[in-house]
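**Q** Here is my input; please provide its structure:
(4 chains)
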Number of protein chains: 2
Amino acid sequence: MLAATPLRMAHNLVHPAPSPAAFPFSQIAHQVITIGRDAEVYSEACPASHVYKVLSGTLRTAKLLADGRRQVGSFVFAGEWVGFDGGLTHFYAAEAVSEARLLSFARRDLERLMAEDRDAARIVEGVLCDSLAAAFERIVSLGRKSATERVASFLVDIEGRIAERSKGGFVLPMSRGDIADYLGLTIETVSRTLGDLRRRHIIQVEDAHHVRILDPSHLAVLAGEDAQRYCA
Amino acid sequence: MLAATPLRMAHNLVHPAPSPAAFPFSQIAHQVITIGRDAEVYSEACPASHVYKVLSGTLRTAKLLADGRRQVGSFVFAGEWVGFDGGLTHFYAAEAVSEARLLSFARRDLERLMAEDRDAARIVEGVLCDSLAAAFERIVSLGRKSATERVASFLVDIEGRIAERSKGGFVLPMSRGDIADYLGLTIETVSRTLGDLRRRHIIQVEDAHHVRILDPSHLAVLAGEDAQRYCA
DNA sequence: CGACCATTTGAGGAGGCTCAACGCAGGTGG
DNA sequence: CCACCTGCGTTGAGCCTCCTCAAATGGTCG
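**A** Okay, the predicted model is just below:
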């Protein structure tokens, strides 16, 4: 991987930014980069020098254990940010699930902007907050939910975040292996669980990457809602 | 729980702060509060109006599912902060594992201080960063590690964070149930796993709440180290 | 001493994993 | 154009880890 990474990085084309979008970050230096399928945006434990906003395509963040087990940390869709994992170094590696275009910002520049521009600071704080909330939700899911509940939660979550639609359904850009490593399950269990949901007419599976939710409320129940929330 | 909470909160004594510590937060309004065992500091989904620094004792953060399953989010020891979970509302409830004294700060005040004092801001950002990193580590643990690996990681982590020592070992203030809900296991599995580690002379279990690590390197191996980290 | 609680230990069962076979689509080369 | 290969997904059979249920142990406090 040490040797492979520079080669793979070489596939990633670097352009000057085309049209600064109408958001505070267009004031600071940035580049549009294109990442080929399965290429790395950054490696695990790399100095976290940059953060990225995904313009198109999908990324995953992942960490490998010594024996090859893998945990996918998150999927990152168009419009979302990635690269805020960890402090000085990245906790996860980030890779492209499908070819992706990213806006790249130096963290140094971003921090300077945040000190000057409250809007920018608030946006970044919001991103951090969302990551933290998502991480907490995952902890509950991985710690206490069954395979069916995890897959159902996953579908509900993805359905709400993914832009790419098809015939009343949506596109699942990642492989079964990616989903399994995200949910702490095996490929076979993910496949079987999706098969169950299909046979129960809760979802429709056109092909492996095109899913349609037929019974959203049933799926939400299977996803396992929290206890009612009271407040002190 | 709705009814119980105010009653339990009533146990928590509120004093004026005694001696402002020598850290930037002593400039802003704060109170020392005492939380009795198993009493709540704040509830799940409450408006996140305050954050707390633990002076003594131990807290846990936890979330309940509808059917009573529980996930413990974190343990918080003396010197650590709690209350930064989620944005406007708390994701987890926070409760005292053992009677605890806390410094309480209004978030509003803290944010004002952070805008003025870079040191304070950096400290808080560090706390957030650490929470995020800890959450990511938990995701890997819950998603991909075995019971033995989880318990071993837990012991290594706690051993490095807990101040209270006893006879070359340390004090485990929380119950087996708390540990189980933290690690995504059952009480019985936690107990059996600790028993195994004891029988293998990797740890020594004085009683349920006093543990000593006999073979730290062996325990670290069992905890399952990450793959070597390369950098692009 | 006896009630109660937390913990440990044991026996049996289930959910999800492992291993293996098969189908299918896409790419490649003869 | 077809044979072949490869990667991915699905499905099945058997097994293992961890869970469930139950009982025994031990410590604490009336």
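**Q** Leaving out the residues flanking it, which one is nearest to A:Gly184?
**A** Using Cβ to Cβ, 6 or more residues apart in numbering or on different chains and skipping residues adjacent in sequence, the residue nearest A:Gly184 is B:Gly143, 3.3 Å away. Backbone N, C-alpha and C define where each C-beta goes, glycine included.
**Q** So that neighbour: helix, strand or coil?
**A** helix (DSSP: H, G, I helix; E, B strand; the rest coil).
**Q** domain parsing for chain A?
**A** What automatic domain parsing lists as the domains of chain A is A:4-141, A:145-223.
**Q** Where does the spatially most central residue of chain A fall, secondary structure wise?
**A** Closest to where the C-alpha atoms of chain A average out (Cα atoms, centre = their mean) is A:Phe75, at 1.7 Å. Assigned by DSSP states H and E, A:Phe75 belongs to strand A:70-76.
**Q** And the strands in chain A?
**A** A:13-16, A:31-35, A:40-42, A:50-64, A:70-76, A:81-82, A:93-106, A:165-166, A:169-171, A:203-207, A:210-213 (DSSP state E).
**Q** Nearest to A:Ile139, out of these?
**A** strand A:70-76 (11.9 Å; Cβ to Cβ).
**Q** Provide the strand pairings for that closest one, with the direction of each partner.
**A** Based on DSSP bridges, the strands next to strand A:70-76 in the sheet, each with its direction, are strand A:50-64 (antiparallel).
**Q** How far away from the center of its chain is the partner strand?
**A** Averaging C-alpha coordinates over strand A:50-64 and over its chain gives two centres that are 7 Å apart (Cα atoms, centre = their mean, to the nearest Å).
**Q** Mind putting the domains of chain A into a markdown table with distance to DNA strand D?
**A** Formatted as a markdown table, the entries for these read as follows, by distance: least, Cβ to the nearest atom of the strand, whole Å:
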| stretch | distance to DNA strand D |
| --- | --- |
| domain A:4-141 | 8 |
| domain A:145-223 | 3 |
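**Q** Same list, those domains, but as TSV with mean pLDDT please.
**A** Written out in TSV, the entries for the domains of chain A read as follows (pLDDT from 0 to 100):
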stretch	mean pLDDT
domain A:4-141	87
domain A:145-223	97
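**Q** Including distance to B:Phe105, could those domains go into JSON lines?
**A** Listed next are those as JSON lines, based on distance: least, Cβ to Cβ, whole Å:
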{"stretch": "domain A:4-141", "distance to B:Phe105": "17"}
{"stretch": "domain A:145-223", "distance to B:Phe105": "33"}
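**Q** Please identify the residues of chain A in proximity to DNA strand C?
**A** By the criterion of Cβ under 7 Å from any atom of the strand, the positions of chain A lying close to DNA strand C are A:146-148, A:184-186, A:188-189.
**Q** related to what we said a few turns ago, so which of the domains of chain A is nearest B:Arg199?
**A** Across the domains of chain A, the minimum distance to B:Arg199, taken as Cβ to Cβ, is reached by domain A:4-141, at 24.6 Å.
**Q** quick one: contacts of stretch A:151-164?
**A** Contact with stretch A:151-164 is made by A:75, A:77-80, A:141, A:145, A:170-173, A:179, A:182-183, A:185, A:190, A:193-194, A:197, A:203, A:211, A:213, A:216, A:219-220, A:222-224, as judged by Cβ atoms under 8 Å, 6 or more residues apart in numbering or on different chains.
**Q** ok so, going back, quick check: nearest residue in space to the residue nearest to the centre of chain A, chain neighbours excluded?
**A** A:Arg60 (5.4 Å).
**Q** Touching, that neighbour and A:Val82? I think so.
**A** No. Using Cβ atoms under 8 Å, A:Arg60 is not in contact with A:Val82; the gap is 9.5 Å.
**Q** got any residues that touch both of the two?
**A** Applying Cβ under 8 Å, 6+ apart, one finds that A:Arg60 and A:Val82 are jointly contacted by A:74, A:76, A:94.
**Q** now stretch A:52-66: how far from the chain's centre is it?
**A** 6 Å.
**Q** ok, A:Glu95 - contacts?
**A** By Cβ under 8 Å, 6+ apart, the neighbours of A:Glu95 are A:35, A:38-41, A:59-62.
**Q** For those residues, give me CSV that also has neighbour count.
**A** Formatted as CSV, those follow (neighbours: other Cβ atoms under 10 Å in any protein chain shown):
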residue, neighbour count
A:Ile35, 26
A:Asp38, 13
A:Ala39, 20
A:Glu40, 23
A:Val41, 26
A:Leu59, 27
A:Arg60, 25
A:Thr61, 24
A:Ala62, 20
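**Q** Closest to chain B out of these?
**A** Proximity of the contacts of A:Glu95 to chain B (Cβ to the nearest Cβ) peaks at A:Glu40, which lies at 6.3 Å.
**Q** So what pairs up with that closest one in the strands?
**A** The partner residues for A:Glu40, given DSSP bridges, come to A:Glu95.
**Q** wouldn't it be in contact with A:Tyr92 here?
**A** No. Shown here, A:Glu40 and A:Tyr92 do not form a contact pair, counting by Cβ under 8 Å, at 10.8 Å.
**Q** overlap in contacts of the two?
**A** When Cβ under 8 Å, 6+ apart defines a contact, no residue borders A:Glu40 and A:Tyr92 alike.
**Q** Redo the strands of chain A as a markdown table? Include distance to B:Ala100.
**A** Listed next are those as a markdown table, based on distance: least, Cβ to Cβ, whole Å:
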| stretch | distance to B:Ala100 |
| --- | --- |
| strand A:13-16 | 52 |
| strand A:31-35 | 47 |
| strand A:40-42 | 39 |
| strand A:50-64 | 33 |
| strand A:70-76 | 32 |
| strand A:81-82 | 36 |
| strand A:93-106 | 38 |
| strand A:165-166 | 50 |
| strand A:169-171 | 46 |
| strand A:203-207 | 46 |
| strand A:210-213 | 45 |
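**Q** of all these, which lies closest to A:Gly126?
**A** Relative to A:Gly126, the nearest member of the strands of chain A by Cβ to Cβ is strand A:81-82, separated by 9.6 Å.
**Q** If you count contacts, what does that closest one end up packed against?
**A** Applying 3 or more Cβ pairs under 8 Å, 6 or more residues apart in numbering or on different chains; DSSP states H and E, one finds that strand A:81-82 contacts strand A:50-64.
**Q** what's the angle between the strand it packs on and strand A:93-106?
**A** Angle of strand A:50-64 versus strand A:93-106, following axes from the mean of the first three to the mean of the last three Cα atoms, to 10 degrees, is 170 degrees.
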